[in-house]
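> Here is my input; please provide its structure:
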Amino acid sequence: MYITCLDLEGVLVPEIWIAFAKESGIPELEKTTRDEPDYDKLMQGRLKILKEHGLGLKEIQETIAKIDPLPGAKEFLDELRAVTQVIILSDTFEQFAKPLMKKLGWPTIFCNTLETAADGEITGYRMRVENSKYTTVKALQSIGYQTIASGDSYNDLGMIEASQAGFLFRSTEQIKADYPQLPAFEHYDELLKAIQDKIKHS
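Prediction:
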């Protein structure tokens, strides 16, 4: 039995922090897990910038409300869920994900949570578990599932390499060059076919 594990941002929806960087006019917030492998370093930098500019959860949620899934993402997800169980494994936060999940037809998502003050200042964050994508894939395997995983960033490599099949999707040229053994796709129909073929020939 297979479960397919997908990254969220860059795979199904645009990068939230890049959208917010453009909306707020703060280019430093454009850095993502495609650029910085150390997630804690990335988030601490983001929180520092938000504090300096007096921005909080409300402003980010206003930007997220305007974000739509990537073209074809919902159709891809619907087709994929017809052939395999799907879990979205994301390092985003519950407070960010809900409106995006609504637009994607309420798929299952495992993500993290933000710590906020009464005035909406984001004071910190809580990871669901350390190295959450890899840990979740190994946990699913421990209860009898085989996993297929796909993502675009450094923080997806653990789950991709630990799975029975793993694919890069719309990744960076640097990651594709560093991991030439991983099949890399740019289009949903290619990724869907690769997943279907893996399940069919197992």
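> remind me, longest helix of the chain?
helix 39-53 (DSSP state H).
> in that one, what's buried?
Under the neighbour-count criterion of 16 or more other Cβ atoms under 10 Å, helix 39-53 has 39, 42-43, 46-47, 49-50 buried. Every residue, glycine included, has its C-beta placed from N, CA and C.
> which secondary structure elements does that helix contact?
When contacts are defined as 3 or more Cβ pairs under 8 Å, 6 or more residues apart in numbering; DSSP states H and E, helix 39-53 sits against strand 122-126.
> The strand it packs on pairs with which strands, and in what direction?
Strands adjacent to strand 122-126 in the sheet, as given by DSSP bridges, are strand 108-116 (antiparallel).
> Centre of the chain to the strand it pairs with, how far?
With Cα atoms, centre = their mean, to the nearest Å as the basis, strand 108-116 stands 12 Å off its chain's centre.
> Next, the angle from that strand to helix 39-53.
Put simply, strand 108-116 runs at 50 degrees to helix 39-53, going by axes from the mean of the first three to the mean of the last three Cα atoms, to 10 degrees.
> who touches strand 108-116?
8, 56-57, 86-97, 101, 122-128, 132, 136 (Cβ atoms under 8 Å, 6 or more residues apart in numbering).
> Restricted to buried residues, select these in ChimeraX.
Buried members of the contacts of strand 108-116 can be picked out in ChimeraX with the line below, counting by 16+ other Cβ under 10 Å:
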select :8,56,57,86,87,88,89,90,91,92,93,95,96,97,101,122,125,132,136
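> related to what we said a few turns ago, now the buried residues of helix 39-53 as JSON lines including pLDDT and distance to residue 142?
What follows is these, written out as JSON lines (pLDDT from 0 to 100; distance: Cβ to Cβ, whole Å):
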{"residue": "39", "pLDDT": "85", "distance to residue 142": "24"}
{"residue": "42", "pLDDT": "89", "distance to residue 142": "29"}
{"residue": "43", "pLDDT": "91", "distance to residue 142": "28"}
{"residue": "46", "pLDDT": "94", "distance to residue 142": "33"}
{"residue": "47", "pLDDT": "94", "distance to residue 142": "34"}
{"residue": "49", "pLDDT": "94", "distance to residue 142": "39"}
{"residue": "50", "pLDDT": "94", "distance to residue 142": "37"}
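> Just the closest of those residues to residue 154, please.
residue 39 (8.8 Å; Cβ to Cβ).
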